[in-house]
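Trainee: Fold the following, please.
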Amino acid sequence: MKGLFESRAPQPLADLLRPERLDQVVGQDHLLAEDAPLGRMLAQRRVASMILWGPPGIGKTTVARLLAQQTDYAFEPLSAVFSGVAELRKVFQRATELRQTGRGTLLFVDEVHRFNRAQQDGFLPYVENGTVVLVGATTENPSFELNAALLSRCQVFVLRRLDDTALETLLMRSESAIGRPLPLDGSGRDALKAMADGDGRFLLNLADELLHLPNDTQLDGA
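Mentor: Predicted coordinates:
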């Protein structure tokens, strides 16, 4: 029988294994457990404006998307690298119209620190009056990269680099999806996790490359 990976159209492993619920997110139990800050928000079916701070590949975008999904907020994703004032105005207009129907909007801004101070100030009235809930993601210390006015209106949550247990869980999910073990012995498996250095997306990209090796290939950590 073919594994899930082999029975579908080509799709990156990291995308295929993207969590569909917050309890599937690995390595962030200090925020997502039932008695943790985001877990308590979800239990109350609410979400507050926040900044998610942490290194790449640990689930910041996924957490934001699932927060919106599990609280029934409309999800509006933007990247501060590619978006400007025009895109923000369109989002705020859609959010204003949607709010009139009784539904909220979660505005997710990746690399939020890339917006300049004036652009950051532009969020303030829409965050203050509840038109949008802002969830910003950043790899940089928000205390230095975000202006004080915006920061004072958001909670800051620190996401952790994935530990060995979390990375091993991702490898096991990979094997379940593809329907066979990865071509690694124990030391090779440890070497793969060491190379990932806590970055789950990078680990899955490495695993994806291994899928293209001949089936009889076996790698060790030497």
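Trainee: So the chain: which segments form each domain?
Mentor: 28-158, 164-210 (the TED database).
Trainee: could these go into TSV alongside mean neighbour count, distance to residue 16 and mean pLDDT?
Mentor: To be clear about C-beta, it is placed using only N, CA and C from the backbone, and glycine gets the same treatment. Shown next, in TSV, are those (neighbours: other C-beta atoms under 10 Å; distance: least, C-beta to C-beta, whole Å; pLDDT from 0 to 100):
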stretch	mean neighbour count	distance to residue 16	mean pLDDT
domain 28-158	17	13	94
domain 164-210	17	6	93
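Trainee: Would you convert those domains into TSV that also reports distance to residue 21?
Mentor: Shown next, in TSV, are the domains of the chain (distance: least, C-beta to C-beta, whole Å):
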stretch	distance to residue 21
domain 28-158	7
domain 164-210	14
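Trainee: any chance you could read off phi and psi for the residue nearest to residue 78 when sequence neighbours are not counted?
Mentor: In space, and not counting its chain neighbours, residue 78 is closest to residue 109: 5.2 Å by C-beta to C-beta, 6 or more residues apart in numbering. According to degrees, to the nearest 10, the main-chain angles of residue 109 amount to phi -120, psi 110.
Trainee: can you pull the contacts of residue 109?
Mentor: If you count contacts by C-beta atoms under 8 Å, 6 or more residues apart in numbering, residue 109 has them with 78, 79, 80, 83, 115, 134, 135, 136, 137.
Trainee: and the gap between the residue nearest to residue 30 when sequence neighbours are not counted and residue 25?
Mentor: Using C-beta to C-beta, 6+ apart and skipping residues adjacent in sequence, the residue nearest residue 30 is residue 36, 5.8 Å away. Distance of residue 36 to residue 25, computed by C-beta to C-beta, to the nearest Å: 12 Å.
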